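Asker: Predicted model follows, preceded by the sequence.
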Number of protein chains: 2
Amino acid sequence: MEARRDVFQAIADPTRRKIIGLLADSSKNLNSISENFNMSRQAVSLHIKILQECDLIVVQQKGRERICEVQLEKLNEVYEWTDQFRTFWTNKLHALKKVVEQPNDHIDSPKKL
Amino acid sequence: MEARRDVFQAIADPTRRKIIGLLADSSKNLNSISENFNMSRQAVSLHIKILQECDLIVVQQKGRERICEVQLEKLNEVYEWTDQFRTFWTNKLHALKKVVEQPNDHIDSPKKL
DNA sequence: TATATTTGCAAGCAAATACTTGCATAATAT
DNA sequence: ATATTATGCAAGTATTTGCTTGCAAATATA
């Protein structure tokens, strides 16, 4: 069953987030990744597969080894989604400040909230 | 079954992300939220519950209504996790530039990225 | 060639997820 | 008082998830 497979789903699992962290440091083959976890190699392999399916990881066959490289840019989707709301929560602090500090409008105000 | 319940898990579901978006605009009661979806009220109610369990939503009883308010600050955990890697992928572009462009430091540089 | 290593594939399983429908309950409106 | 509205609770189901173990295959090393 090909289920929904997106970046948000992929990073929902803590093991997969840890894998991303490991690979951000340097590319690694499947076995050396799985050494960092208390689960079977197969379990890790499955996580890798999921990360691959949403292009967070690119796997390159090198002899009998599979070198996994993380594509951190793919996290941009998540970054942007959260960042969109970040302006909301930072504005909770700044919006008030702006209103209070501005006794009247100036010509050079480019934007008003 | 009390499963792992964290923000990453919570935002993995597209319905829940949409709920967050809706509530970012303004707080709403359960029924008016569920009007935006093609699923049963119960299904939406369950999503709300999950969002509540990780403090992304605070529910306030008001008579017979339950007003849902989103706590966008809780997304900071996700923001920071992605941002940590963002420096990696933006550095792919900027790191080289920095090294090349900066022959020495200046006093009047208020901030360096 | 015999053996180690790195990996894939497949079956099996318990738990979680994402829903559904039906009924109960409490607050409000007529 | 009765109907309407907003909601919760519980049971049931199909699918997905996160793992396991066993076996096979391909590559590298002795």
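Answerer: Ah, there it is.

Asker: which non-adjacent residue is nearest the most centrally placed residue in chain A?
Answerer: In chain A, the C-alpha nearest the mean C-alpha coordinate belongs to A:L75, at 3.4 Å (Cα atoms, centre = their mean). Ranked by Cβ to Cβ, 6 or more residues apart in numbering or on different chains and with sequence neighbours excluded, the top spatial neighbour of A:L75 is B:T82, at 4.8 Å. In short, each C-beta sits where N, CA and C put it, glycine included.

Asker: I'd say the residue nearest to the centre of chain A and A:A10 touch.
Answerer: No - with contact defined as Cβ atoms under 8 Å, A:L75 does not count as touching A:A10 (9.6 Å).

Asker: Need the overlap of contacts for these two.
Answerer: Common contacts of A:L75 and A:A10 (Cβ atoms under 8 Å, 6 or more residues apart in numbering or on different chains): A:L56.

Asker: Report the secondary structure state of the residue nearest to the centre of chain A.
Answerer: State at A:L75, reduced to three classes by DSSP: H, G, I helix; E, B strand; the rest coil: helix.

Asker: For it, report the pLDDT, please.
Answerer: Note on A:L75: pLDDT of 96.

Asker: wait, what's in contact with it?
Answerer: A:L75 makes contacts with A:7, A:11, A:20, A:56, B:82, B:85-86, B:89, as judged by Cβ under 8 Å, 6+ apart.

Asker: which residues sit in contact with A:V59?
Answerer: Going by Cβ under 8 Å, 6+ apart, A:V59 touches A:48, A:52, A:66-69.

Asker: no, scratch that, I was asking about A:V58
Answerer: Contacts of A:V58 (Cβ under 8 Å, 6+ apart): A:52, A:68-69, A:71.

Asker: Tell me the one of the residues you listed nearest DNA strand C?
Answerer: Nearest to DNA strand C, judged by Cβ to the nearest atom of the strand, of the contacts of A:V58 is A:C68 at 7.9 Å.

Asker: Am I right that that closest one sits in a helix?
Answerer: No - looking at A:C68 with three-state DSSP, it is strand, so not inside a helix.
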